Structure formats: C-alpha cells, structure tokens
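K.L.:
can't give you the sequence, but here's the structure:
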C-alpha cells in the first residue's frame, strides 16, 4: 500500500513539474520587466496623487502647497505614462 | 504510513534541489519553460509537504505510538484539541511545520507573480527553495518526524503541561507563519539585487506579504505574552526572554520596512535602507527559529533544545554574507532618485521612526546575546534581565509613540507653519490636559516620569487619530452628503492603507499606555496564608477561604478559593490551582511520580478595564511527603508480588490481575490528595493588583484590526475604477509644469 501511494505521488509530481518542458517554447518579451517596474511606479504615483488630495482636504496641505505638489505629481505621472507608451505597456 | 512520510521528505528535498536548478538555469538562459518548471516544483513541494503534514497529524490523532515523536509528545489522555497541536511542540514537527508553511506561502506568491516581475521571480524561487531544502534536510536527516519503533509503548509521555493552553495552539503557527512569510520579501529582495531591477516592482508584489508577516508575528507575540500572563505563574506578560526577543526583533524591522517602502514607492528614496531592512528582517526570522530550536540561550520558551545549532549558524552566516555582498555589489543602482524636500514632512518623520526602530533592534540584539558575547570574550556567561533593556527601550518607545502621533497629521513632501498649527493644536491640547490632570490628581504619576510621559503621548496619538478620522469623514461628507457612519465606512474602505495604519497607531498607543501603567503601578505581595487569613493589596482585602484539591487520571490539582473585597464590599471570588502531571520516571516511586511530574498553574484572575486582580498558588506539598514515601514502599512491594503472580498467567489475565492493584493505587493517591483539604496547612500565594493590563490586549486587538484593514486587498473592480479615474492619460507630451491631466475629483 505504502509503495503504491509513493509511486502515485512521484508519478504525479513528475508529470506536473515537467509539463512546461513538454510545451512549445515561448519567446519572452524583453521589455516585460521594465513594464512591470513602470506599472508599479504608475500605481504608486496615482496613490501619491490621491494621498496629496486627501491631505489637502483634511487640512494638512495649504492650497498653494497642494497646487504645487499636485502639479509636480501629475507631471511625474505623465512622464511615467509616456515611458510606458513608448515601450508598449498597458 | 511512516515510510511514506520519510519518502515524501526525500521527495521534497529532490523537488527543492530540482527547482533551484531549473529556476536558475531558466533565468540565466532566458528559457521560460525551465522557469515555469521551477515554479511548479514549489507547487509540488507544497502538495507533498501537505501530505506529509497530514500523515503526521493523523498519527497524533490516532495516538500511534509507533511514531517516536507521538510517543514523546502525546498520550491517549491528551485532549484531541491538543493532540492536533502537539506536532509543533516537538523539534521534528516544528521543522516540518516550517517547511510546510514556507511551501504554501511560496506557492501563493509565485502564483500571484507568475506573469509579473519575471526577471526577479526565478531568483526568488531559488532562494525560497534553498530555505525549503535546508529545513527539509534537517527534517529528513537530523530530526525526522517519521522515525518509528518496532515495539511501541502502550502509553505516550504526554504533552508538556505548560503547553496545555489555548494560546499555545495558535501561538507557534502564528510565529512560524510570520517567520516563513518574511522569507518572501527577503527572497524577492535578493532577486532584485541579483537582477539589478531595484525599482518598486519587487516591493509592490511583496508588500502584502511583509504586512502579513508583521501581522502574524504580532499576533504570535501577543498570544505568547497572554500565555505567559495566565499560565507561567510569575505575574508578568513580558520577560525580555531570548525567544520573545527573537520574535520582536524581526517584527520591529518589518514595522520599519512597511513604513520606509512608502518613501521608496513615492520618492524613489531609501533603496539601500529598504533592501537592508528586509534582508535583516529575513535573517532575524531565521535567527528567531534558531533561538527557539537550538536552546543556545536559556529561555522558558525553548522547548526544543537540540543539536541543530551548527546548521543554523551556517545558514545565518551564508544569509548575512550574501546580503552584505549583494548590497555592496549593487550600491550604485541603489542610489536615491530624490532628496528630502523638507525636514517638516512625513518622509522625515518616517526616517526618524525607522532610526528609532532599528536602534531598538540593535539594543535588543546586543542585550539578548550579551551572555554569549560575554562568554566568548571573558569565559563567563553573564546573565542579564529586564533591567538591562529598560534604560534604552523606554526612552526609544516614548519617541516612537510621539512619532506615531506626528506621522498621521503631517503631510508628505512639505508643510507650512499655519497647517502645522491647525493640525497640532487639538492633539497638543489633549496631551497637555492629560498631563496636567494626571499630575493634579496624584496617584503616583508625578513620581514616575516615564509613565506620565507615555500617558501624555498616548493621549496625543489617540487625539491625532480621532482628529484624522473626523476630518476625513468631514471631507467625504462635504462631497457626497453621506450619513456619517456611511462616510466613515467608505472613507476607510477607499483608503485602507492610510486609515488601517492610523488605527494601528491608536492600538499601539492603547497597548503602550497599558504597558506603562501595569509596569509602573503594579502592587504585588508574596505571602503565606492559612485558610481564614487575610491580607491587603492596594486597598483590596484578600482572604484565603478554603483549599481545594482534585485527582484525575490526567493530573492532581491543589488550589485555593480566595475572596476579594474592598471597603467591606465583595468584589470577586478567585480560584487558583497548581496541577501536577504524572511523570513516567519509575525512580520517583509508584505514588511519588504522580506528585513530582511537570506542573502548571491556573491563575485566579479578575480582569477589568481599569485593574486586574491576579493570584497564583504555590502549594508546598512537603507535608504530604511522608505519606507519599510510605505509599511508595507499600505499592512497590505489592507490585513486585503482583508481577510475580502475573508472570505465571497468560497476557490478558496478567493485565487483568494487576487492575485491582492500580485501583488501590488510585485510591491511595486520591486519599493523599484529599489531605490538602482535610488537614490544610499554610501555603504560598503571589497576589497582584495591576492597572490597565486589559488595555494591552485591547490595544493588540486594535492593532490586529488595523493591520487587517491595511492588508485587505482592494477589490479588482474598485482598483480598475480608481486606476481609470486617476489622471487620465494625456494625448500630448507633458510640459513643465505639467498641465494637469483630467483632475481627480472623486470622493476621498
């Protein structure tokens, strides 16, 4: 019984782990990691814009400071979006 | 099924080795199929370890004493609930639990990142599998949970009675979950360093795992403190014990990390600091496991003293050398992309907070390891205790609480003086009022400056958090006209990281107020009382009403009922007992072994929001020793005689022939135990009246709640909606200053 259980587990594991090696090779997009970095930066920038807005609405940022910071952040966000566009990210 | 378990460990080791090779080969050669195969080996490892764990649990469930680990750590009389938790009371089971949890968390992160961070993930896979290989090797070759014996004993040794506590069922898996979860950001940080992809992508995919590690470690630490308070019978919840410290250090490091990564995400700063923090936290997690499992430092928690020290030291040395080497190698790519705009900004507060947390870690590390360091240098092991920690930790904790209040009310990047005044006015007023009221009211705060400072700063933090929630709700209502409760719920739901964090800060303030009060204003008395005698503690009259005792197959209990009154009014009735579990050591005598085994305490506790009244009995069983010795002699002689007779009978009859003797023995034990009630003598009590201990547990619950809010993922739909609404993508290149893309004006 024990031997059967072990053999079944070993066979299942072997088939499962080796499955990708039996598939046709797929080419890896070279820009994938850069896109991932930029997408993470984009999400962080969006979060920063929302945080600045909430800080402003809850009285932690003056109107002048908020306008300046918001403008800077949006500029940085646009730069990230352009870089994403240039390498074909989402 | 033991052979299956042993084979699965070997299979797990082979899978880990294959996965390391496949992932590294795939990463170096760019062949995706090998990377995928390496990732699948992690999934397969999780499945294999799950089966192995199920086999071990089943052995404990069935009390299969052919498994050595079951015979040594369980018994037929161990309650089922504790049988299922008994595996991690053993060295062998703990190692298997470690690798099982590691394989589960690793599978989860690798599944979530199967289409993301594709450069980093294969190296992270290799690192995670290296940890898996290490722990699987220990479990397979040095502490195998599936070793068996051909002649199993009829009864097991039972679980260490100190572990018969509900907290202990959850505490170890929580700590181990925390430790294993910390290896994930560690592995991805190593991957990011190897590939040089040191932006925010690796942080964004592992942030939740770091937060989950922080949450699990925190829960584990508090459950351990609760166990210490209610089970160990010394009256405290934190002893600066090496094993406690081993969990606290990575928790503090992770606390620093989950704050400082916000600065990297927003500003591209502190890259060296962040990778160093998470590499340190990962190394400290392994150090924590090492301290629990090696027994190199004296600890009440080190249930697994063993010979695993050398492999762990080697692993720690490799982790440390690799971490330092990688950071030095990549120092050019770890340069900050920006600088602090102002010292009056949230970034600056986070930076100071990080320095304070790291200073705490360094102090705790130094003092914890001082006995080993002193032994290495002078040849003498110097013992240090809580007094060595306090002069450093208390001031640092005060600064930390102050920063926990300042952080939420100070903006990112910069603030103006008028905004500072507006945001600080109410919290500073609340803190000042608290301080004045406490000093005027007396009660001893005026002579305990650290406690007074903690209460003052606690009020400051609580007011800042309340103010932030109030203003946030106000801002939302101004836009949506929602009812306050609806606005409150939606505000938190839409800003989980921010408000989850604020709630954690409030919980920290509540917890530390509890710590300051209970450690500064505790009243305790160590007294010997006879039934009917009374004693006064902090204005409470506590009288020893009567002794109680019981004898069961599991344990003998000796205890007391105490009456507590104040000003002539009954407050509560407390019951405390000390339980003695039978030892399997025959040299202690047929009767004596029931009175001289492991012992545990059930404290008498009246917990309240303002005060805990706590007591524990330490019954001196000396007056029973004469009867015990006499019983040993009588029953030893009777046993020899009965065994001679039994030897002439068939096995079934032989066992039955001994039953009357066992029944007589049990009667004798019950009779001796009952003497504690029928002929009572003065016994020792530790009586404590301690204020605000409940605040510690409440604070911990608030922290866990805030952590869960921050951890909870934003629903996919909401994320898509938010991403779509926040700045619309421009059609034209930006100019400086950028023309704001479609302005964000959705409710906060």
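P.N.:
Good, I have the coordinates. Quantities reported herein were computed from a predicted structural model and do not represent experimental measurements.
K.L.:
can you name the residue of chain A nearest to chain B?
P.N.:
Nearest to chain B, among the residues of chain A, is residue A:75, at 3.2 Å (Cβ to the nearest Cβ). (Each C-beta comes from the backbone N, C-alpha and C, glycine too.)
K.L.:
just how off-centre is the helix or strand residue B:280 falls within within its chain?
P.N.:
Using DSSP states H and E, residue B:280 sits in helix B:271-294. What separates the centre of helix B:271-294 from the centre of its chain is 15 Å, taken as Cα atoms, centre = their mean, to the nearest Å.
K.L.:
and it, what does it pack onto?
P.N.:
Packed against helix B:271-294 by the contact rule (3 or more Cβ pairs under 8 Å, 6 or more residues apart in numbering or on different chains; DSSP states H and E) you find helix B:91-112, helix B:166-195, helix B:201-231, helix B:242-267, helix B:309-329, helix B:346-378.
K.L.:
quick one: the helices in chain A?
P.N.:
Using DSSP state H, the helices found in chain A span residues A:2-18, A:32-57, A:63-87.
K.L.:
residue B:683: which of those is closest?
P.N.:
Nearest to residue B:683, of all the helices of chain A, is helix A:2-18, at 54.5 Å by Cβ to Cβ.
K.L.:
what average pLDDT does that closest one get?
P.N.:
Mean pLDDT, helix A:2-18: 91.
K.L.:
tell me if that helix is near chain B.
P.N.:
Yes. Helix A:2-18 reaches chain B (Cβ under 8 Å from any Cβ of the partner chain) through A:2, A:5-6, A:9-10, A:13, A:16-18.
K.L.:
residues near the nearest residue to residue B:135 once chain neighbours are set aside, how many?
P.N.:
Closest residue to residue B:135 apart from its sequence neighbours, by Cβ to Cβ, 6 or more residues apart in numbering or on different chains: residue B:99 at 4.1 Å. Look at residue B:99: counted by other Cβ atoms under 10 Å in any protein chain shown, it has 30 neighbours.
K.L.:
likewise for residue B:666?
P.N.:
So residue B:666, with other Cβ under 10 Å, has 14 neighbours.
K.L.:
got the contact list for residue 70?
P.N.:
Since no chain was named, I'll use chain A. A:49, A:52-53, A:56, B:740 (Cβ atoms under 8 Å, 6 or more residues apart in numbering or on different chains).
K.L.:
wrong chain, I was asking about chain B
P.N.:
Residue B:70 touches B:59-60, B:63-64, B:86, B:156, counting by Cβ under 8 Å, 6+ apart.
K.L.:
next, give phi and psi for it.
P.N.:
phi -70, psi -40 (degrees, to the nearest 10).
K.L.:
about what we covered before: most neighbours of all the contacts of residue B:70, which one?
P.N.:
Counting neighbours by other Cβ under 10 Å, residue B:86 comes out on top of the contacts of residue B:70 with 27 neighbours.
K.L.:
what about the helices in the stretch 601-748 of chain B?
P.N.:
B:625-647, B:651-678, B:693-711, B:716-725 (DSSP state H, counting those that start in this stretch).
K.L.:
distance between stretch B:18-30 and the chain's centre?
P.N.:
That offset, for stretch B:18-30, works out to 35 Å (Cα atoms, centre = their mean).
K.L.:
repeat that for stretch B:395-407.
P.N.:
22 Å.
K.L.:
what's the answer for stretch B:495-502, then?
P.N.:
23 Å.
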